[in-house]
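Engineer: predicted structure and sequence below. I'll ask about it afterward.
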Amino acid sequence: MSRSDFSYRVIGETLAGSLIIEMHPAHYAALLANHLHDLGDLSQLGATVRLWRKTNAVTQTDFAKAAGLSRTMLSLIESGTRKNMTLKTAVRLLEAMQRPLFTEPAND
């Protein structure tokens, strides 16, 4: 899925060169749902986070800080005890794993 599938407006750019965009919440939710589908069931997001964190030798404390969550909340998500989360929390987890919601098309 590319950004062209949804209406959006570029509102800036990060220091790393990523675009900062604004889009309708319904489009954003659909984009996130599609991305999470690629990761697996949302209830499995905690296991995905834990695997990523362990693979990259990142502590719960450091990952939680990067995601803007408490370490306790991250622990609950990773263990599967906390399966329901807000869209904002899911996005924070994805961003902390450096997994964008969409990517630029390749320039061939």
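Structural biologist: Right, received. Where do you want to start?

Engineer: any low-confidence regions in the chain?
Structural biologist: Counting by pLDDT under 70, the ranges of the chain that qualify are 1-9, 14-21, 32-43, 83, 100-108.

Engineer: if you set the cut-off to 50 instead, what comes out?
Structural biologist: Scanning the chain with the threshold set as pLDDT under 50 gives 1-3, 105-108.

Engineer: what about residue 46, distance to residue 84?
Structural biologist: Counting by Cβ to Cβ, to the nearest Å, the separation of residue 46 from residue 84 is 11 Å. Heads up, the C-betas are built off the backbone N, CA and C, glycines and all.

Engineer: try residue 99
Structural biologist: Plainly put, residue 99 is 20 Å away from residue 84 if you go by Cβ to Cβ.

Engineer: of those two, give the one with the bigger neighbour count.
Structural biologist: residue 99 (14 against 8; other Cβ atoms under 10 Å).

Engineer: domain assignment for this structure?
Structural biologist: What the record gives for the chain is the domain set 1-39, 40-100, from automatic domain parsing.

Engineer: what about residue 25, neighbour count?
Structural biologist: Residue 25 has 8 neighbouring residues, counting by other Cβ under 10 Å.

Engineer: cool, and the one 4 residues further on?
Structural biologist: Residue 29 is flanked by 12 other residues according to other Cβ under 10 Å.

Engineer: so what's it up against?
Structural biologist: The neighbourhood of residue 29, defined by Cβ atoms under 8 Å, 6 or more residues apart in numbering, consists of residue 87.
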